[in-house]
Each structure stands twice: as C-alpha cells, then as structure tokens.
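**Student:** quick one: sequence plus predicted model below, questions after.
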Amino acid sequence: MNEGMFISLEGGEGAGKSTAIALLEKRVTEQGLDVLVTREPGGVEIAEQIRGVILNRENTRMDGRTEALLYAAARRQHLVEKVIPALEQGKIVLCDRFIDSSLAYQGVARGLPTDEIFTINQFAIQDCMPDLTFYLDVSPEVGLARIEANSHREINRLDLEGLAFHNRVREGYELLINKFPERIVRINADQPIEQVVDEMIATIQEKMKKV
C-alpha cells in the first residue's frame, strides 16, 4: 500500500481557502504528483446532503451540539468513502476544512467543551488526522468584507453570524496552533494569493523531504 499525504486547509470565513486550494492543486499537479481536492462538510453524496442541512440559512434554530454531531457524521462518511481510499492509492489529499474547524467553530465559538468535540470527532475519524494543516489567517473584518464583495460566493448560515462569533473562531484557531504546532502552519492570508500558495508549496516540499 502506498502512503499518501493528507493536507487540510483551515481558516475563518473569507480567508481565501477555496481560491488557495485551487491554485495549490495546480502547482502540486505540475510537479507530477497525484492530487485529490475535496471539501468539508461534503465531498461525497451523503456528506453533501448533511452539508445542505448544516448550512441552510433557514435552520436558525439548530442547537450547537446538533451542529457538532452533524459535522462529525459528514466527516466520517467523507473520510471512509473518499479520503482514506485516496491516501491508500498514494495521493496527496487537499481538504478544505477538517477536524480543526469543528474545534474552532462548534467548540470555542459556540462555547461547547472542546474536549467533548474532540472526543466526538475521534470516534468519527479513528485517529486519521492530517499530516499537515495550513491555517489561512485573516482578520474577521477583512474576511467578511471579502464575502460581501464576492457576489458569486454562497452566503451560508455561518456567514450570517455576528463579528463577535467570528472573532471567537479566530481565537479558537490560535488555541489550536499552540496545541498542535508540529502540524498546523499559519499563513498570512492578507497577502497576495500567489504568495500564500508559494509558502504552502515550500512547506509541503520540506515536509516531503522529511518523510
């Protein structure tokens, strides 16, 4: 069995993950590597259906624990159906969000115990953690302004949260960087996207040398 590399991209709303992951895919593919790009919640049919429930703007009554459980359920299905098979084929998997999103959003931002959120997700992922995580860091003010200016981006239920919520999300990611410094790499997302991707490519290359 070949061993691939599992890379996740994290960040608050409007951090530029979707743009960055598309450019990153192009750059990594140009180096002759086999790449799979996917996203959370979603990536496979069942998980995409769960995504529709989670991000539906009409589901304003959704409880924080319900939200956390739905994310974990979508994550499990996505992992076993798409991510793990790709890794077993030796592919580099680029995933837009993974477990850190649940810890930052449902844990810190929603005020739920992060250890309980982590336990729920450990059950879901069975210790299949990313080899490397890029945290695209940008202030919530800048991120939300980008969303407002982008008429093509879907506006989901989380985008409608107030600034205080998004500030707590950023605080959550800061805690995660301190907890997992060997895995999470902070990237300044308030710089040109080409520089963001350049930094990610350099980090991936260094990681592959060590492997």
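**Tutor:** Cool, got the structure.
**Student:** so what's the most centrally placed residue in the chain up against?
**Tutor:** Central residue of the chain (Cα atoms, centre = their mean): residue 97, 1.3 Å from the mean position. By Cβ atoms under 8 Å, 6 or more residues apart in numbering, the residues touching residue 97 are 8-10, 17, 39-41. C-beta: built from backbone N, CA, C; applies to glycine.
**Student:** how far away is it from residue 74?
**Tutor:** 10 Å (Cβ to Cβ, to the nearest Å).
**Student:** low-confidence bits of this protein, can you list those?
**Tutor:** 1-2, 151 (pLDDT under 70).
**Student:** which residues in it form strands?
**Tutor:** With DSSP state E, the ranges of strands along the chain come out as 5-11, 35-39, 92-96, 132-137, 184-188.
**Student:** residue 125: which of those strands is closest?
**Tutor:** Among the strands of the chain, the nearest to residue 125 by Cβ to Cβ is strand 5-11 (10.5 Å).
**Student:** which strands and helices sit next to that closest one?
**Tutor:** helix 17-30, strand 92-96, helix 99-101, strand 132-137, helix 193-210 (3 or more Cβ pairs under 8 Å, 6 or more residues apart in numbering; DSSP states H and E).
**Student:** excluding its backbone neighbours, what's nearest residue 11?
**Tutor:** Leaving out its chain neighbours, the residue that sits closest to residue 11 by Cβ to Cβ, 6 or more residues apart in numbering is residue 136, at 3.7 Å.
**Student:** follow-up on the earlier one: would TSV of the strands of the chain with distance to residue 163 and mean neighbour count be doable?
**Tutor:** Formatted as TSV, those follow (distance: least, Cβ to Cβ, whole Å; neighbours: other Cβ atoms under 10 Å):
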stretch	distance to residue 163	mean neighbour count
strand 5-11	16	25
strand 35-39	25	19
strand 92-96	23	23
strand 132-137	16	23
strand 184-188	21	18
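**Student:** make a markdown table out of these and add distance to residue 110.
**Tutor:** Below are those laid out as a markdown table (distance: least, Cβ to Cβ, whole Å):
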| stretch | distance to residue 110 |
| --- | --- |
| strand 5-11 | 17 |
| strand 35-39 | 21 |
| strand 92-96 | 21 |
| strand 132-137 | 19 |
| strand 184-188 | 20 |
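**Student:** so which of these gets nearest residue 121?
**Tutor:** Across the strands of the chain, closest to residue 121 is strand 5-11 (Cβ to Cβ), at 12.7 Å.
**Student:** pretty sure residue 23 sits against residue 197.
**Tutor:** Yes - using Cβ atoms under 8 Å, residue 23 makes contact with residue 197 at a distance of 4.7 Å.
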